[in-house]
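what follows is a predicted structure for the sequence shown.
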Amino acid sequence: MSEAIIRIATLDDLEALLPLVQAYRVFYRREADARRERAFIESHLRSGSSQIYIAEVAGEAVGFMQLFPTHSTVQLAPSWILEDLFVEPEHRKAGIALALLQRALEHAKESGACGMFLETANDNETAQRVYERAGWTREGRFLKYNAPLA
């Protein structure tokens, strides 16, 4: 298998990203919604409100991640949320997720961030192993709460 190329996605990558975004959402038990998925990703690519990276093998898009900026008042510095990370099933276990995670850390350091965090499902043990192999540590000091919006 060829080595993955990890690069910043541009608007020209929209069509290549959309099947990955849809597969990612389906993985998390959401119904595919091509119109809304397109609008969401396109708006972030156009506005620069997130940073999207694409992973390619032999010129084919096989994975992506999306980072959103945030800030820490405690640290008085920028921080990043790794919101999305997905690699097509047939390309897993080839180091692509690790390469994306490495690029995420480089991106955070380049931007002067004080930190980066992510969330994953409690039962997504495969992803948890990848994060831990990449040096990420499980949060142990804070509890997460969700507001009742729906």
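Good, I have the coordinates.

in terms of secondary structure, what does the lengthiest strand in the chain contact?
Ranked by number of residues, the top strand in the chain under DSSP state E is strand 60-72. Applying 3 or more Cβ pairs under 8 Å, 6 or more residues apart in numbering; DSSP states H and E, one finds that strand 60-72 makes contact with helix 14-27, strand 51-57, strand 77-87, helix 96-110. Bear in mind the C-beta positions are built from the backbone N, C-alpha and C, glycine included.

which stretches of the protein aren't confidently modelled?
Across the chain, the ranges flagged by pLDDT under 70 are 1.

could you measure residue 22 against residue 6, distance?
Taking Cβ to Cβ, to the nearest Å as the measure, residue 22 falls 21 Å from residue 6.

apologies, that question was intended for residue 79.
21 Å.

please apply the same query to residue 148.
Separation of residue 148 from residue 6 (Cβ to Cβ): 38 Å.

so between those two, which is more surrounded?
Between residue 148 and residue 6, residue 6 has the larger neighbour count (other Cβ atoms under 10 Å), namely 20 against 4.

quick check: which element contains residue 126?
helix 125-133 (DSSP states H and E).

how about that helix: buried residues?
Neighbour counts using 16 or more other Cβ atoms under 10 Å place 130-131 of helix 125-133 among the buried residues.

and the angle from it to helix 96-110?
Between the axes of helix 125-133 and helix 96-110, defined by axes from the mean of the first three to the mean of the last three Cα atoms, to 10 degrees, the angle is 50 degrees.

and helix 125-133, how far out from the chain middle?
Its chain's average C-alpha position is 14 Å from that of helix 125-133, according to Cα atoms, centre = their mean, to the nearest Å.

same check, this time on stretch 82-91
On the basis of Cα atoms, centre = their mean, stretch 82-91 sits 7 Å off its chain's mean C-alpha point.

hmm, who's touching it?
With contact meaning Cβ atoms under 8 Å, 6 or more residues apart in numbering, stretch 82-91 is reached by 1, 4, 20-21, 23-24, 27, 50, 55, 57, 62-68, 96-97, 100-101, 104, 116-118, 127.

give the buried residues for that stretch.
Buried residues in stretch 82-91, defined by neighbour count with 16+ other Cβ under 10 Å: 82, 84-88, 91.

now do stretch 23-37: distance from first to last residue.
End-to-end distance of stretch 23-37 (Cα to Cα, to the nearest Å): 11 Å.
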